[in-house]
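Student: Turn this into a structure:
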Amino acid sequence: MAVGNGSAYGAEQLAHDVSKLVGYAVSTGLVHPGDAMWAYNTVLEAVGAQGPAAPDAAELLADAYVCAPTADLAQAGPVSAFVSPQEGFDLEGTVGRIAAAGIAAGCEEDTPSGADRIATRVMNVLMPRPSEVARRFADEYAAGGPQAATDWFYRMSCDSRYVRRAAIAKNVAWTSPTEWGELEITINLSKPEKDPKAIAAAGAAPATGEVYPACQLCMENEGYPGRGAGAAHGAHPARQNLRILPITLGGEHWGLQYSPYAYFDEHCIAMSAEHRLMHVDRQNMGRLLDFVDLFGHYFIGSNADLPIVGGSILSHDHFQGGRHVFPMMKAPASETFAMPGFAGVACEVVRWPMSVLRLRAADREALLDAAAHVLEVWRGYSDAEAGVVAWTEEGGERVAHNTITPVACKDGDEYVLYLALRCNIATDEHPLGVFHPHAEWHHIKKENIGLIEVMGLAILPARLVDELAAVKGHLLAHAGDADTAALADELAADPLSAPHAAWALELAAAHPDITADTAEQVIRDGVSDVFGHVLADAGVFKWDEAGRAAQERFIDAL
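Tutor: You can find the predicted model right below:
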């Protein structure tokens, strides 16, 4: 067989890679030393091989022999040269070569997704079963508290290659100062750009039971082998190395896992055991507070439950959280206000491009009552001057347009809820949504503004890497030109830069002295400025005189 650059990859090389991979698994605590021989053979089986023996089989068998059957998995560690991988062990390269061997053996189709299914199958061999993970997590939680428990679970999710550290490391990220504070930008190289209409259609599709698992957030994904694009119900990623922790939120069975392509530190997902539509109500906001009671070092939030203003998956009730402080959370209050009947709840308008209220209280039930009041009033609130429309009649049915994006965290003994007001009304002028990124910014951001972006972290499409590089090249080629006609022609003629032409000309005018040393920062700051405009478009009450008056009218309605 041939792997990588075409060099021969024979049985001895496979045995070497499998040995090193098993050693890595033992050294990280994924596999008990006493299971190393079993793991070696099971990995071979997963890629259609029946040998040869491991290079250090004698040491391996000795390690298995001396390990007591009752040895605690938590205390497992390297006990020989075999289970101590070389310094700088290349997990991705090793697993990639082993997967290629499986492709050559006919285990899967020769495609990137086929190779990934083999790689995921191999890593599953090297992991504890879900019940063992749940037991270890409970032990860590009891002994060291919630942070110690999530530290262990996150490390295991990374070591098992479920959280794709190598892919995440390739993402482009920066921060830039704006009038709203430091905004965070990520060009995510692993996330496909989605059309808002496709997101809405997927969210509206009923679960018929014909497709299994019904979506990528269903808990039935745990251990699922995945399928290729040619399968009857389309492609679905392999999830054999996924482990989901059982947690209880609102008296229901929910699961906790980490996102394989994280957008921020310890990006986790909590999802209902039931495949049901996203919904925002008092009960689900109560589940957010249940979550921060369990994991006070994490924030947690829910996407809005309507198309256009919701996230990319509306078909499954879920939250996203993690260990990160977002720009919105650092934003000051522009004003405080009081709501009659909720004296124990501190209420603020956040100075943020979107329309966000921050409620704070030590009494969680009082806080939930106040948040439910805001949601109830907002659901039925219309303001023609501000363009806010609560309901329309479409096809003889009453269609709702207002909802919120709620985010929860703890600050000492107090609970904090951020409520971002959302409205998904669309018009002929703005067919994708009045409070959605307007067409002039689609060259940078067209997708829905979901939970993560509401808080100030842009998740931008991978196409921008090449497109912004093209813009940079044209700007530098015409730096200092008094006449921008040639620059305009070149920007328009290049298919990579053409979508950005008008914006690039504005950058050229604002930075006539641009140089090779400053160009990257000029473009990055320009992208951050666009993201600020995108968030302002999504805000229902603008930061001009008319918008502030509209904000006050809503507060009066509360």
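Student: Return the list of helices and strands in contact with the lengthiest helix in the chain.
Tutor: The longest helix of the chain (DSSP state H) is helix 519-538. The helices and strands touching helix 519-538, judged by 3 or more CB pairs under 8 Å, 6 or more residues apart in numbering; DSSP states H and E, are strand 172-178, strand 181-187, helix 451-454, strand 457-460, helix 463-477, helix 501-510. Where C-beta positions appear, they are placed from N, C-alpha and C, glycine not excepted.
Student: again, only this time at 6 Å
Tutor: strand 172-178, strand 181-187, helix 463-477 (3 or more CB pairs under 6 Å, 6 or more residues apart in numbering; DSSP states H and E).
Student: quick one: Arg360 is in a strand?
Tutor: Yes. Membership of Arg360 in a strand is supported by DSSP: H, G, I helix; E, B strand; the rest coil.
Student: Around the closest residue to it other than its chain neighbours, how many other residues sit close by?
Tutor: Of all residues not flanking Arg360 in the chain, Ala346 sits nearest, at 4.4 Å (CB to CB, 6 or more residues apart in numbering). Counted by other CB atoms under 10 Å, the residues lying close to Ala346 total 19.
Student: can you list the weak-confidence ranges in the stretch 51-200 of the chain?
Tutor: For the stretch 51-200 of the chain, the stretches with pLDDT under 70 are 56-87, 191-200.
Student: Which stretches in it count as helices?
Tutor: 57-66, 91-104, 112-125, 130-144, 146-159, 165-169, 196-204 (DSSP state H, counting those that start in this stretch).
Student: can you redo these as JSON lines with mean neighbour count and distance to Leu468?
Tutor: Formatted as JSON lines, these follow (neighbours: other CB atoms under 10 Å; distance: least, CB to CB, whole Å):
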{"stretch": "helix 57-66", "mean neighbour count": "15", "distance to Leu468": "50"}
{"stretch": "helix 91-104", "mean neighbour count": "20", "distance to Leu468": "26"}
{"stretch": "helix 112-125", "mean neighbour count": "21", "distance to Leu468": "25"}
{"stretch": "helix 130-144", "mean neighbour count": "15", "distance to Leu468": "41"}
{"stretch": "helix 146-159", "mean neighbour count": "19", "distance to Leu468": "29"}
{"stretch": "helix 165-169", "mean neighbour count": "14", "distance to Leu468": "19"}
{"stretch": "helix 196-204", "mean neighbour count": "16", "distance to Leu468": "22"}
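Student: Looking at those helices, spot the one closest to Leu417.
Tutor: Set against Leu417 and scored by CB to CB, these come closest in helix 146-159, at 19.9 Å.
Student: circling back: out of the helices of the stretch 51-200 of the chain, flag the one nearest Thr28.
Tutor: Comparing these by their distance to Thr28 (CB to CB), the top pick is helix 146-159, with 4.2 Å.
Student: how big is the angle separating the closest one from helix 130-144?
Tutor: Helix 146-159 runs at 140 degrees relative to helix 130-144, counting by axes from the mean of the first three to the mean of the last three CA atoms, to 10 degrees.
Student: List the contacts of helix 146-159.
Tutor: Contact with helix 146-159 is made by 28, 30, 137, 140-141, 163, 165, 258, 266, 295, 297, as judged by CB atoms under 6 Å, 6 or more residues apart in numbering.
Student: Can I get the residues you listed in CSV including distance to Leu464?
Tutor: Below are the contacts of helix 146-159 laid out as CSV (distance: CB to CB, whole Å):
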residue, distance to Leu464
Thr28, 35
Leu30, 36
Phe137, 38
Glu140, 40
Tyr141, 41
Val163, 24
Arg165, 22
Tyr258, 26
Glu266, 26
Phe295, 33
His297, 33
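Student: out of those, who's nearest Arg360?
Tutor: Of the contacts of helix 146-159, the one sitting nearest to Arg360 (CB to CB) turns out to be His297, at 18.0 Å.
Student: Quick check: Val350 touching Met329?
Tutor: No. The criterion here is CB atoms under 6 Å, and Val350 misses it with Met329 at 9.1 Å.
Student: on that earlier part again, mean confidence for the longest helix of the chain?
Tutor: Averaged over helix 519-538, pLDDT sits at 97.
Student: Put the alpha carbons of that helix into PDB.
Tutor: The C-alpha trace of helix 519-538 is given here as PDB (Å, rounded to 0.1, in the frame of the first residue of the first chain):
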ATOM      1  CA  ALA A 519      -1.800  45.900   5.500                       C
ATOM      2  CA  GLU A 520      -2.800  42.800   7.500                       C
ATOM      3  CA  GLN A 521      -3.900  44.900  10.500                       C
ATOM      4  CA  VAL A 522      -5.700  47.400   8.200                       C
ATOM      5  CA  ILE A 523      -7.700  44.500   6.700                       C
ATOM      6  CA  ARG A 524      -8.400  42.800  10.000                       C
ATOM      7  CA  ASP A 525      -9.600  46.000  11.600                       C
ATOM      8  CA  GLY A 526     -11.800  46.600   8.600                       C
ATOM      9  CA  VAL A 527     -13.300  43.200   9.000                       C
ATOM     10  CA  SER A 528     -13.900  43.900  12.700                       C
ATOM     11  CA  ASP A 529     -15.600  47.200  11.800                       C
ATOM     12  CA  VAL A 530     -17.900  45.300   9.400                       C
ATOM     13  CA  PHE A 531     -18.800  42.800  12.200                       C
ATOM     14  CA  GLY A 532     -19.700  45.800  14.400                       C
ATOM     15  CA  HIS A 533     -22.100  47.000  11.600                       C
ATOM     16  CA  VAL A 534     -23.500  43.400  11.300                       C
ATOM     17  CA  LEU A 535     -24.300  43.400  15.000                       C
ATOM     18  CA  ALA A 536     -25.900  46.800  14.800                       C
ATOM     19  CA  ASP A 537     -28.000  45.600  11.900                       C
ATOM     20  CA  ALA A 538     -29.200  42.800  14.100                       C
END
